[in-house]
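In: Sequence first, then the predicted structure:
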Amino acid sequence: MQTTFSILFYPRGNDIDKNGNAPIYARITVNGKRSEFSIKRKVLLTKWNSEAGKMRGTTSDVRELNKYMTSIRTKLNKIQEQLSEKNASVTAQKIKNIYLGKDIKHKMLLEIFQEHNDKVDKLIGKDFAAGTAERYKTARKHVKDYISKEYNVKDIPVKDVDHTFITGFEYYLKTTRNCAHNTAIKYITNFKKIIRIAYANDWINKDPFIHWKAKLKIVDREFLTEKELQKLVEKEFGIHRLNQVKDIFVFCCFTGLAYADVKKLSQNDIVLGITGERWIKTKRSKTDTRSNIPILSIPEALLEKYAESSDFSDSELLLPVLSNQKMNAYLKEIADLCGINKNLTFHLARHTFATTVTLTNGVPIESVSKMLGHKSLKTTQHYAKIIDKKVSDDMKALKDKLTNYSQTTKTSVSSS
């Protein structure tokens, strides 16, 4: 069946205002059935050309209105063509609804975020690490809480996300959630991926992140010096739990393993190298990259200690690792007892391995990067900068010392 289609603009004469202006309507007719809507413009009836369906005259306001009606006609024609090409049903009401945006079911932000997270969960161990999935879940929770607090609704259309929303979310993370700058930026970057998905699927017309730039602050990571590490290795506590936590921490200082990786360390992760020495070969939980670490004498002794321990009988795991919260709490106590004036956290062990144990002792940065399981050498280079800074500080102290020595020598020579 052939479809008849027409568009007509006309002023509605029964709705004239006190100035003699009538509202202009667009009428869509498909197969004899009509649907109309106001174009939000008015015209004097005496200036309307009924045959042409437009205003009479050549003034700028006349040309502007006629041009506006032409643009509406073009859009309506395009909608009709697209429906026909898709072999979809074409009605006057449907064309009007599409033009007015009434047929569009707006995609909701948190729904898109959840769909993304569900896909990530199914790809854990393939395309994503468990830690990555967890960060996306936390990022969604923060976005949800921000929407609830700021907009007092459960969700918003993704089209409503603009630059104001993004900067407001950043402020919320830093104030209400008390996130550090870099932590807040990382959550926003997770959120940014969701918006990019919406943009790629044409659920939004423009990218609201176009004027937002992520700027991470360079943080000098703390690590134990050689003296501090030695003090910790030699320290024995009268409390069993403190010795246990200290052992796990020291183990990571000499292997570079992160908390999640040492917690799941099993006999399957221990292999023999080509020269017969034992290695740890495991995939990092955070990035799913492989870490290859030769086992030094101190961590080897600790593995033997807990293999023989009657208190730790788990046949799969090698070390008795407590929860991350308990480990960090006990490490604060250990730092006090050892006289270490630093914020001792479990992750500091990884920094200590990268700096004090390896780079400071001349281990090439490429080897350190492989042992740490870094995807990029740039990540490892940050530790090299820390070493450079320490060398610079040490040389400055030496320079000051030599300057004082030089002045003393000059004084001695001149007096003689």
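Out: Good, I have the coordinates. Numbers count the residues shown, from 1 in each chain.

In: Per-residue pLDDT of His382, please?
Out: Looking at His382, its pLDDT reads 75.

In: now do the one 5 residues further on
Out: The per-residue pLDDT reported for Ile387 equals 66.

In: give me the low-pLDDT residue ranges for this protein?
Out: 1-2, 103-105, 218-220, 310-315, 385-394, 397, 404-416 (pLDDT under 70).

In: What segments of it are strands?
Out: Counting by DSSP state E, the chain has these strands, from start to end: 5-11, 21-30, 33-44, 48-49, 54-55, 270-272, 278-283, 290-294.

In: any idea which of those strands is most buried?
Out: Counting by mean count of other C-beta atoms under 10 Å, strand 54-55 has the highest mean neighbour count of the strands of the chain, with a mean of 21. All C-beta spots, glycine's among them, are computed from the backbone N, C-alpha and C.

In: can you list contacts of that strand?
Out: 9, 43, 47-49, 62, 65-66, 69 (C-beta atoms under 8 Å, 6 or more residues apart in numbering).

In: Identify whichever of the strands of the chain lies nearest to Tyr146.
Out: strand 278-283 (33.8 Å; C-beta to C-beta).

In: Determine how far that closest one lies from the middle of the whole chain.
Out: 29 Å (C-alpha atoms, centre = their mean, to the nearest Å).

In: May I have the strands that pair with that strand, each with its orientation?
Out: Strand 278-283 sits in its sheet next to strand 270-272 (antiparallel), strand 290-294 (antiparallel), going by DSSP bridges.

In: could you dump those to JSON lines with distance to Arg140?
Out: Putting the strands paired with strand 278-283 into JSON lines (distance: least, C-beta to C-beta, whole Å) gives the following:
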{"stretch": "strand 270-272", "distance to Arg140": "37"}
{"stretch": "strand 290-294", "distance to Arg140": "29"}
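
In: what about the ones you listed, which gets the closest to Phe165?
Out: Nearest of those (C-beta to C-beta): strand 290-294, 39.0 Å.

In: thought Gln114 was touching Arg140?
Out: Yes. Judged on C-beta atoms under 8 Å, Gln114 makes contact with Arg140 at a distance of 6.8 Å.

In: who has more neighbours, these two?
Out: Neighbours were counted for Gln114 and for Arg140 using other C-beta atoms under 10 Å; Arg140 has more, 21 against 17.

In: Identify the residues contacting the more buried one.
Out: Counted by C-beta under 8 Å, 6+ apart, Arg140 has contacts 110, 113-114, 117.

In: Recalculate using a threshold of 10 Å.
Out: Counting by C-beta atoms under 10 Å, 6 or more residues apart in numbering, Arg140 makes contact with 109-110, 112-114, 116-117, 187, 190-191, 194.

In: Which ones among those map onto helices?
Out: 109-110, 112-114, 116-117, 187, 190-191, 194 (DSSP state H).

In: Now Glu150. Nearest residue, chain neighbours left out?
Out: Leaving aside its chain neighbours, Glu150 sits nearest to Gly168 (6.2 Å; criterion: C-beta to C-beta, 6 or more residues apart in numbering).

In: Confirm for me that the one you found is in contact with Lys174.
Out: No. At 11.0 Å, Gly168 does not count as touching Lys174 under the criterion of C-beta atoms under 10 Å.

In: re earlier: and the residue nearest to Glu150, how far from Val43?
Out: Separation of Gly168 from Val43 (C-beta to C-beta, to the nearest Å): 43 Å.

In: Just the terminal-to-terminal distance for stretch 3-23.
Out: 29 Å (C-alpha to C-alpha, to the nearest Å).

In: next one: stretch 229-245
Out: With C-alpha to C-alpha, one end of stretch 229-245 sits 14 Å from the other.

In: now it, how far from the centre of its chain.
Out: Distance, stretch centre to chain centre, for stretch 229-245: 37 Å (C-alpha atoms, centre = their mean).

In: Now tell me what touches it from outside.
Out: 223-225, 246-247, 249-250, 253-254, 298, 306, 309, 311-312, 319-322, 326-331, 333-335, 337-340, 344, 346, 349, 352-353, 356-357.

In: And that stretch, what's buried?
Out: For stretch 229-245, a neighbour-count test (16 or more other C-beta atoms under 10 Å) marks 229, 232, 235, 237, 242, 244-245 as buried.

In: From Lys174, how far off is the residue nearest the centre of the chain?
Out: Taking C-alpha atoms, centre = their mean, the centroid of the chain lies closest to Asn190, which sits 2.6 Å from it. Distance of Asn190 to Lys174, computed by C-beta to C-beta: 16 Å.

In: try Asp207
Out: Distance from Asp207 to Lys174, by C-beta to C-beta: 23 Å.

In: returning to what we had before: can you tell me which of the buried residues of stretch 229-245 is nearest Ser148?
Out: Nearest member of the buried residues of stretch 229-245 to Ser148, counting by C-beta to C-beta, is Val245, at 38.4 Å.

In: quick one: that closest one and Asn87, what's the gap?
Out: Taken as C-beta to C-beta, the span from Val245 to Asn87 is 69 Å.

In: now Lys342
Out: Distance from Lys342 to Asn87, by C-beta to C-beta: 70 Å.

In: Mind checking which of these two has more residues around it?
Out: Taking other C-beta under 10 Å, Lys342 and Asn87 do not tie; Lys342 has more neighbours (12 against 7).

In: quick check, nearest of the contacts of Arg140 to Asn201?
Out: Ile112 (8.8 Å).

In: Do I have it right that that closest one meets Ala200?
Out: No. In terms of C-beta under 10 Å, Ile112 does not count as a neighbour of Ala200; the distance is 11.3 Å.

In: what about those two, which has more around it?
Out: Ile112 (19 against 10).

In: now, among the ones in helices among the contacts of Arg140, which is nearest to Asp155?
Out: Among these, and counting by C-beta to C-beta, the member closest to Asp155 is Leu110, at 4.5 Å.

In: And for that closest one, the neighbour number?
Out: Counted with other C-beta under 10 Å, residues neighbouring Leu110 total 17.

In: For it, give me its contacts.
Out: Here Leu110 is in contact with 140-141, 143-144, 147, 154-156, 158, 194 (criterion: C-beta under 10 Å, 6+ apart).
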